[in-house]
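[1] here is a sequence with its predicted model. Questions after.
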Amino acid sequence: MQDQSLAASRKYVYKPLESPSNIRVLAVEPGSYGSDIHCSLREVQPGDGTIYTTISYVWGEPKFPCRVSCTSLDNVSGILCMTESLYAALQTIRQVDQPITVWADAICINQDDLDERSQQVLLMRKLYLECLRLFAWLGEDGDLYDAAFDYISYALEKFEYPPGPVLGDPHAVRSLIEDLYSKLTDEVLSSLNMFFGNSWFRRAWTFQEVLCASEATVFAGDRNIPYEDVANFVRLFVDFGIGIRLSDMSSHLAMGQVIVITQFRNRPTTLLQLAAMTRSRQATDLRDKLYSLIAIASDSALLPYPPDYRIAVGKVYQDFTVAWMAEYEALNVLSLCVYSADALGTPSWVPNLARSKDIPSMFEIVEDPFNACGPYDESKRLIVRNNTLSAPGLLLEKIATSASRSLEVTVRIRDLHKVLAEGAMDQLHVLREALQIISMPCWKAPEPIRKQALWRTLLGGNWTDSCRLRQHHENDFNSFWEFMQQFDPESESDSTRDDYDLIRVTNVETKVIDIARERRFCMSESGCMGWIPKAEKEGDIISVLYGCFAPVFLRPKGNAFEVIGTCYIHGIMDGEAVAAAQDPMQQIDLV
């Protein structure tokens, strides 16, 4: 219970920082859980030896009902108002017998001072690198995650991570997977869905916070677990195809983000790559979809100005797009574009990063990337005049037919017999309609070529974000295809098929589901199959634009075109259309 006298006290008044490179830290006085919190703010320089813990949390509703008594170094007292989420985190992290020094954005940055907010953004990487540890707070409802905490600990205890000799023993792997499946009860699945569905995993700023912190611990109520254990569990869960049993799409996105952080922790990464990786994350201030990444980007000086919260969201996105194209003389930034009727007043060639649930970018492969536009030609130039982007390119062809809609539902291989028995065959429409589409008269290729094109297209031409499809991946796809062809909806035998044998099947299914999300399988007028944005309409055109690694789907608008999104079209992903073109590239205006 908070002291009623706090409500009558005056609000804490921030003093301007003596140096823009300094930060404030909060010293929290000792106290028992539930008692009033007393603290003091002081100014320090990151790297001066001050030991502090950073609190990573979700702000939640913009309401500040909780009050904390705070004193500055010159003994000026006042009240800090904060969200229930932050107050609960402070109650949990506070020590009984000694003070603790912490940093939390909502109180260590004067949120009413836009200049200070902008300056502090540039310090975030150093701030998190210098902290003792990161305290990731999921909320007070720890009992909701009890089963998840227990299952994660059990899985890691059974399977030492990183993996050892067990991977060389199929019987040991089979035994392990069977054991993990047997413990994956409905209660555990529900708890895991809630754990990875927690909004902390989707917050824009937590990506940088975890990426930079040398040590992080995840707390929920009175339960906690090292973040490294969470990352190892996710890798285990995904590698063995168990993760596909989670029904909540936000859980799959969260696990994907955990893996991305692990992969890119020590790898130089551009602002565009970071924006693509974190597209599904959310921010209260939509400028933070970029600002939260600047300090960790290898090209952090790309924006023509430092972070500024006075600039409109749409202008921030457009200025970033123009700056990126000027710096790299390319159009790969279009891979983040998704047509939207509710845009931020920006042209269609400017990615609307505010839309966190849109089509994921699947084409920017770090190693051996696609190159639909062909070899570099310094004579070709991109021209931006006001809101029109003029780029050299080729208008290729229209779509002959496409699937009725994109994939919206995750289907678990192990549960297919239940799905089919309930008459929900429609959930498998992606594969069914793909087979119908490739049987059209316009597709006249021999069977071997048809098969190669089909499996590569269904997987989107790549296996992971950093790996092109190789021939050995065809074996995995063949296992998946064989499973689907032999599946008997009247039989339970498929559901009891050896879990070890299902690893390749579920990995392929996971990949197909990811590619099909928000996209439609299609065939072009010339018989090329591919994936296009689900916003496709009659009259839309496949194009190749100079400087963009993937084909771009365009919609005529007067004498110009709108960008609907990038697409995968089998047979033109590596410059084949440009090489075969009889006419030179023309200037195409995008609005």
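    That came through fine. Numbering: from 1, shown residues only.
[2] for stretch 88-97, buried residues please.
    Within stretch 88-97, the residues that qualify as buried are A88, A89, L90, Q91, T92, I93, R94, counting by 16 or more other CB atoms under 10 Å. C-betas here are computed from N, CA, C, even on glycine.
[3] equivalent analysis for stretch 249-269, please.
    Residues of stretch 249-269 classed as buried: 249-261, 264, 269 (neighbour count, 16+ other CB under 10 Å).
[4] and which of those is nearest S190?
    S251 (10.7 Å; CB to CB).
[5] quick one: the closest one and N193 touch, right?
    Yes - contact criterion CB atoms under 8 Å: S251 and N193 qualify, at 5.1 Å.
[6] what strand or helix carries the closest residue to Y12 other than its chain neighbours?
    With sequence-adjacent residues excluded and distances taken as CB to CB, 6 or more residues apart in numbering, Y12 is closest to G78, at 3.1 Å. G78 is part of strand 77-82, with elements assigned from DSSP states H and E.
[7] next SSE downstream of that strand?
    Going down the chain from strand 77-82, the next helix or strand is helix 84-93, by DSSP H and E.
[8] ok, L180 - contacts?
    With contact set as CB atoms under 8 Å, 6 or more residues apart in numbering, L180 has these partners: A155, K158, F159, F240, I242.
[9] shaky segments in the stretch 451-591 of the chain?
    Along the stretch 451-591 of the chain, the parts satisfying pLDDT under 70 run over 464-466, 483-506.
[10] pLDDT score assigned to I177?
    Looking at I177, its pLDDT stands at 79.
[11] which strand or helix spans it?
    Secondary structure (DSSP H and E) places I177 in helix 170-183.
[12] residues of that helix that come out buried?
    For helix 170-183, burial by neighbour count (16+ other CB under 10 Å) applies to V173, L176, I177, L180.
[13] find the nearest non-adjacent residue to I152, please.
    Leaving aside its sequence neighbours, I152 sits nearest to F233 (CB to CB, 6+ apart; 4.6 Å).
[14] and that neighbour, what element?
    Element membership of F233 [criterion: DSSP H and E] is helix 227-239.
[15] tell me what angle the helix or strand following that helix forms with helix 227-239.
    Downstream of helix 227-239, the first helix or strand assigned by DSSP H and E is helix 249-264. With axes from the mean of the first three to the mean of the last three CA atoms, to 10 degrees applied, the angle from helix 249-264 to helix 227-239 works out at 110 degrees.
[16] contacts for helix 249-264 next, please.
    192-193, 196-198, 201-202, 207, 210-211, 230-231, 234-235, 237-238, 243, 246, 277-278, 280-281, 410, 465-466.
[17] can you check stretch 143-159 too?
    By CB under 8 Å, 6+ apart, stretch 143-159 touches 138, 166, 176, 179-180, 183-185, 187-188, 190-192, 194-195, 220-221, 223, 225, 229-230, 232-233, 236-237.
[18] list buried residues within the residues you listed.
    Among the contacts of stretch 143-159, the ones that count as buried (16+ other CB under 10 Å) are 138, 176, 180, 184, 188, 190-192, 194-195, 220-221, 225, 229-230, 232-233, 236-237.
[19] can you confirm A155 is in a strand?
    No - going by DSSP: H, G, I helix; E, B strand; the rest coil, the assignment for A155 is helix, not a strand.
[20] what about it, how many neighbours?
    22 (other CB atoms under 10 Å).
[21] repeat that for L344.
    18.
[22] and if you look at D141?
    For D141, the neighbour count with other CB under 10 Å is 11.
[23] domain ranges for the protein?
    5-137, 388-590 (automatic domain parsing).
[24] identify whichever of the ones you listed lies nearest to K289.
    Among the domains of the chain, the nearest to K289 by CB to CB is domain 5-137 (12.6 Å).
[25] check contacts around V210.
    Counted by CB under 8 Å, 6+ apart, V210 has contacts S56, L134, A136, A216, Y227, I261.
[26] one more time with 6 Å, if that's ok
    A216, I261 (CB atoms under 6 Å, 6 or more residues apart in numbering).
[27] now the host helix or strand of it against helix 249-264, angle please.
    Taking DSSP H and E as the criterion, V210 maps to helix 204-212. Per the same axes, to 10 degrees, the angle that helix 204-212 makes with helix 249-264 is 30 degrees.
[28] just the CA atoms of helix 204-212, as PDB, please.
    Provided in PDB are the C-alpha atoms of helix 204-212 (Å, rounded to 0.1, in the frame of the first residue of the first chain):
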ATOM      1  CA  ALA A 204      10.900  -2.600 -30.500                       C
ATOM      2  CA  TRP A 205      13.400  -1.500 -27.900                       C
ATOM      3  CA  THR A 206      13.900  -4.900 -26.300                       C
ATOM      4  CA  PHE A 207      15.700  -6.100 -29.400                       C
ATOM      5  CA  GLN A 208      18.600  -3.700 -28.900                       C
ATOM      6  CA  GLU A 209      18.500  -4.100 -25.100                       C
ATOM      7  CA  VAL A 210      19.000  -7.900 -25.200                       C
ATOM      8  CA  LEU A 211      21.400  -7.700 -28.200                       C
ATOM      9  CA  CYS A 212      23.800  -5.400 -26.300                       C
END
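[29] now find how far off-centre it is within its chain.
    Computed by CA atoms, centre = their mean, to the nearest Å, the separation of helix 204-212 from the middle of its chain amounts to 12 Å.
[30] now do stretch 335-348
    Remark: stretch 335-348 is offset 19 Å from the chain centroid, using CA atoms, centre = their mean.
[31] buried residues in it?
    Judged by neighbour count using 16+ other CB under 10 Å, the buried positions of stretch 335-348 are S335, L336, C337, V338, Y339, A343, L344, T346, P347, S348.
[32] got it, and stretch 130-141?
    For stretch 130-141, the neighbour count (16+ other CB under 10 Å) marks E130, C131, L132, R133, L134, F135, A136, W137, L138, G139, E140 as buried.
[33] and those, which is closest to G539?
    Closest approach between these and G539, by CB to CB: L138, at 47.5 Å.
[34] bridging across strands, which residues link to the nearest residue to that closest one once chain neighbours are set aside?
    Sequence neighbours aside, A220 is the residue nearest to L138 in space, at 4.1 Å (criterion: CB to CB, 6+ apart). When assigned by DSSP bridges, A220 has beta-bridge partners R223.
[35] if I read this right, A220 contacts A136, doesn't it?
    No - A220 lies out of contact with A136 (CB atoms under 6 Å); the separation is 9.2 Å.
[36] which stretches of the stretch 451-591 of the chain form helices?
    473-486, 502-516, 576-580 (DSSP state H, counting those that start in this stretch).
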